[in-house]
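Trainee: just to be clear, the model below is a prediction. Sequence and coordinates:
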Number of protein chains: 2
Amino acid sequence: MRSTDQIMHKAAWLYYMHGLRQDEVAKQLNISRASIATYLRRAREIGIVNISTSTQLFSDDVLARKLEDALSLETVWIVPEDRLAIDPAAEMPVVAAAVFLELINKGDRVGVAWGRTVYHLADVMPYADLQGVTVVQLCGNLGAPYNYRPDQCTTEIARRLNAEGINLYAPLVLSSERLASDLRNEPVIREQLASIADCQLVLYSVGGIESDSHLVRCGALTPEEMQALGEGGAGGVIAGQVIDHEGRWLDCPHNRRCISADLEIIKTIPKRMMVVEEDSKFQPLVAAIKGGFVSHLVVTHSMAMRLLARWEAEAPKRG
Amino acid sequence: MRSTDQIMHKAAWLYYMHGLRQDEVAKQLNISRASIATYLRRAREIGIVNISTSTQLFSDDVLARKLEDALSLETVWIVPEDRLAIDPAAEMPVVAAAVFLELINKGDRVGVAWGRTVYHLADVMPYADLQGVTVVQLCGNLGAPYNYRPDQCTTEIARRLNAEGINLYAPLVLSSERLASDLRNEPVIREQLASIADCQLVLYSVGGIESDSHLVRCGALTPEEMQALGEGGAGGVIAGQVIDHEGRWLDCPHNRRCISADLEIIKTIPKRMMVVEEDSKFQPLVAAIKGGFVSHLVVTHSMAMRLLARWEAEAPKRG
DNA sequence: ATAGGTCTTTGACTTTTGTCAGCGTTCGTG
DNA sequence: CACGAACGCTGACAAAAGTCAAAGACCTAT
């Protein structure tokens, strides 16, 4: 422990736990108050001091309760789109990050997938001191037409949480099924994919299957391939893999060429946290829920309404 | 959720998660900044907002590492007696409370015993929002020569943590062994005592066996009885029950008349957190450690030195 | 209806905290 | 050994947060 770390710890302790004022702390430690202020800021940034807010505000909603009941979900958080936040679009990742933090327990292993949504979340993730937690990458890497790659998401989240990050050093898609299969059997890769089963929590969003969807933009699939998949029954994308409208793994060339977490294993993870930002993801989300990929859900108010309407339409008057 | 709670939540969210200033929050919610300040204070008090500091400062100590190795303990926290804190005596409970909070996991059941030390700890326990946690009382109640009773400790801790508190509605000592036995078999009591086995964490201190010890002062034992126990091999007191110098339950009238957690069950609880404030508790602490009642220990620097010396003397040069 | 109580809210004021340029120290490097 | 870069510390000022008395809202019981 560096001497300045020691001072930072002491300052944080006296200030936050004993409730001393900054000048009192300064006198105690014989340095200027200005320095104390600096140390305290650093302590907050590093995660030595942890400030968290209950996300109850978002889960405490009649609509959330109804959704949980109707779709058999563990907990639902609803992000209002009206006032409250300065920028409604920026609210979702912040809520999701807080929820994610709340769902992590000490010593947990958590898996994170990849996508714009997950990246946004990583970007606003608060700093915390979760030593003992391990963050594992769920899917292989992909070149970056945007400036974020799967491994960067994992790394950034782990860094902010002071947790251990484990990256998956393999491409998301390979050019041949044979090579993908061989690589999956490579001990290093195989072990890591298997270790995903030990996760207590996974975090992902669901991808769409339009011809301008994320996978297409990143070059994993051509627009034509994606269109073909759509016609062949694709309903959405989970951790880089295509699922059908019922949430089942689709037996298609893309999936067979893919290096990513086994979807059947993912379903057995106790907490499956899904975050959906865009309203256009409605159909894919329905597929993901049907497939059992969701136990904890963060969505907008309007998406929540649509989901509820859909489920009520499907199973009318049972009570 | 009351409307004022709603506002409090929103204010806390905007201030702590979005990092808005109080005046910005005020504008956002259309109330005065002064009100925001009040709401924020309440949110902190109630535990909606949680500010915690790593206790690493106290466990990150060479001496702590040595103690852990020598006594086979999970983690040791050492509270320095020199400068740092305004009042060294007040430091111990604050550290202990922070450690206690750190050891609790979501959904845990935690047992708390009783004594001056535990009371001090309850007194400085920070507020938190640990819904789903259950705090159970480990030992029966005793009249209060001081102004704190076992059930008050449990209740206060549960209140501050926003946790559920379960009290043990029975006296700590009865006048006859027969009655104690009957009462222990009473379903309500029996179930509660049995449920202690489900705890993931217990918190206690160790009592001394002097003729002015806690049990004597509270009237559970006469000074003569205590003296006799001391001559009969008593080494300390855990959760109201007397143990011998090796930490074994002592078969004596007092123990047989006692309504409290089964010591054998306590030993099976994964995290057994012991806090010792007074240096005079050295011998009882040694007994408790030998008995296996301690996995996590919070002590003063001088006590740590004495413990280490003792263990090194007992098992000389093995490496 | 109204008097009396409690709980909120607020404006004005005080105290505490954040910031930053400038100075001093340390450390690695040429 | 001298030089410069990087970092830590500080004082002084600006910004933000805390506090409190007083006013207002709201409820309840007479």
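Mentor: Ah, there it is. Numbers count the residues shown, from 1 in each chain, chains lettered A, B, ... in the order given.

Trainee: distance of A:K27 relative to A:L40?
Mentor: Going from A:K27 to A:L40 by CB to CB, to the nearest Å gives 15 Å. The way it works is simple: take the backbone N, C-alpha and C, and place the C-beta from them, glycine included.

Trainee: any idea how far the longest helix seen in chain A is from the chain center?
Mentor: Longest helix of chain A, by residue count under DSSP state H: helix A:88-103. Centroid separation between helix A:88-103 and its chain, computed with CA atoms, centre = their mean, to the nearest Å, is 9 Å.

Trainee: packing partners for it?
Mentor: Judged by 3 or more CB pairs under 8 Å, 6 or more residues apart in numbering or on different chains; DSSP states H and E, the packing partners of helix A:88-103 are strand A:49-53, strand A:75-79, helix A:116-124, strand A:271-275, strand A:296-300.

Trainee: closest one to DNA strand D among those?
Mentor: Evaluated over these, closeness to DNA strand D peaks at strand A:49-53, with 12.5 Å, by CB to the nearest atom of the strand.

Trainee: return the helix or strand that that closest one is followed by as CSV; C-alpha atoms alone will do.
Mentor: Once strand A:49-53 ends, the next helix or strand along the chain (criterion: DSSP states H and E) is helix A:56-59. Extracted C-alpha coordinates of helix A:56-59, given in CSV (Å, rounded to 0.1, in the frame of the first residue of the first chain):
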residue,chain,number,x,y,z
GLN,A,56,-36.4,1.0,-5.7
LEU,A,57,-37.6,4.2,-7.4
PHE,A,58,-37.7,2.4,-10.7
SER,A,59,-38.9,-1.0,-9.6
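
Trainee: tell me the spacing between the closest residue to DNA strand D within the stretch 151-300 of chain A and B:G236.
Mentor: Per CB to the nearest atom of the strand, A:R159 is where the stretch 151-300 of chain A lies closest to DNA strand D, at 17.6 Å. Applying CB to CB, the value for A:R159 to B:G236 is 46 Å.

Trainee: so for those two, which sits in the more crowded spot?
Mentor: The residue with more neighbours, out of A:R159 and B:G236, is B:G236; 27 against 15, by other CB atoms under 10 Å in any protein chain shown.

Trainee: where does the residue in the stretch 151-300 of chain A that chain B sits nearest to fall, phi/psi-wise?
Mentor: Closest approach between the stretch 151-300 of chain A and chain B, counting by CB to the nearest CB: A:N162, at 9.4 Å. Backbone torsions for A:N162, taken as degrees, to the nearest 10, come to phi 60, psi 30.

Trainee: verify the stated contact: A:Q22 with A:T38.
Mentor: No: with contact defined as CB atoms under 8 Å, A:Q22 and A:T38 do not form a contacting pair (10.4 Å).

Trainee: the two - which one has more neighbours?
Mentor: Using other CB under 10 Å, the more surrounded residue of A:Q22 and A:T38 is A:Q22, with 18 against 14.

Trainee: dihedrals phi and psi, the more buried one?
Mentor: Per degrees, to the nearest 10, the backbone of A:Q22 is at phi -60, psi -40.

Trainee: how near is it to DNA strand C?
Mentor: 3 Å (CB to the nearest atom of the strand, to the nearest Å).

Trainee: now do the same contact list for that residue.
Mentor: A:Q22 sits next to A:Y15, A:R33, A:I36, A:A37, A:L40 when contact means CB atoms under 8 Å, 6 or more residues apart in numbering or on different chains.

Trainee: pLDDT check: weakest of these?
Mentor: On pLDDT alone, A:R33 ranks lowest of the contacts of A:Q22, at 85.

Trainee: quick one, what contacts that one?
Mentor: A:Q22, A:D23, A:V25, A:A26.

Trainee: put together a markdown table for these, with secondary structure on each row.
Mentor: What follows is those, written out as a markdown table (DSSP: H, G, I helix; E, B strand; the rest coil):
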| residue | secondary structure |
| --- | --- |
| A:Q22 | helix |
| A:D23 | helix |
| A:V25 | helix |
| A:A26 | helix |
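
Trainee: and A:K27 and A:L40? Which one has more around it.
Mentor: Neighbour count, other CB under 10 Å: between A:K27 and A:L40, A:L40 has more, with 20 against 13.

Trainee: doesn't A:A12 make contact with the more buried one?
Mentor: Yes: A:L40 is within contact range of A:A12, at 6.3 Å (criterion: CB under 8 Å).

Trainee: looking at chain A, which helix or strand does the model trust least?
Mentor: Across the helices and strands of chain A, mean pLDDT, DSSP states H and E gives its lowest value to helix A:3-12, namely a mean of 80.

Trainee: which residues are contacting it?
Mentor: A:1, A:25, A:29, A:31, A:36, A:39-40, A:42-43, A:46, A:48-49, B:53-54, B:56-57, B:84.
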